[in-house]
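sequence and predicted structure, then a few things I'm wondering about:
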Amino acid sequence: MKKIISKLIQTTPEYSSLIMRLALGIMILPHGLQKTLGLFGGNGFAKTLEYFTNVEGFPIFIAVLPILAESFGALGLIFGCLTRISAFGVGAVMLVAMITQHLSHGFFMNWYGTQAGEGIEFFILAIGLSAALIIKGGGALSIDRKLSI
């Protein structure tokens, strides 16, 4: 078990990982705060959970995962704590959202309100950053780096 945890947090002091995790974490945190606390015009935990279970049809144990990934995963990315797990959670949420909600809307975001929904470009970027962080780890100024030394 100790070896697994060691491999999960092992990282080098690269600033590129710091930049990637801050960008992804800061971008996804408001989405998580919408779902957990109802900030930024969100519905909060109970209503979001109700939506995922009743409207989307997810079982409750699956419905909780995007809420946790977008809130605690974002914080994990910002602080570089369990970066690989946090990046995996955020990347998985982005992949599922892209496939289930946005794939049919094309590539580009709906900048001018002239199409039916949002495209997938945002999701591709978030998934790419998540994949890079899973490979590289938290990098410089991360809790993972401090723990792995």
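Looks like it arrived, so ask away. Note that this is a predicted model, so its numbers are computed, not measured.

ok, the spatially most distant residue from the centre of the chain to residue 108 distance?
Most distant from the centre of the chain: residue 114, at 27.7 Å, with distances by CA atoms, centre = their mean. For residue 114, the distance to residue 108 (CB to CB, to the nearest Å) stands at 10 Å. The way it works is simple: take the backbone N, C-alpha and C, and place the C-beta from them, glycine included.

now for residue 48, how many residues are close by?
By other CB atoms under 10 Å, the residues close to residue 48 number 20.

give me the distance between the closest residue to it other than its chain neighbours and residue 45.
The shortest distance from residue 48 to any residue other than its chain neighbours is 4.4 Å, reached at residue 35 (CB to CB, 6 or more residues apart in numbering). Distance of residue 35 to residue 45, computed by CB to CB: 7 Å.

quick one: low-confidence ranges for the chain?
102-107, 109-113, 115 (pLDDT under 70).

what helix or strand does the spatially closest residue to residue 14 that is not a sequence neighbour sit in?
Among residues not flanking residue 14 along the chain, residue 139 sits closest, at 4.4 Å (CB to CB, 6+ apart). Using DSSP states H and E, residue 139 falls within no helix or strand.

isn't residue 139 right up against residue 13?
Yes - applying CB atoms under 8 Å as the test, residue 139 and residue 13 come out as touching, 6.7 Å apart.

okay, these two: which has more neighbours?
Taking other CB under 10 Å, residue 139 and residue 13 do not tie; residue 139 has more neighbours (23 against 13).
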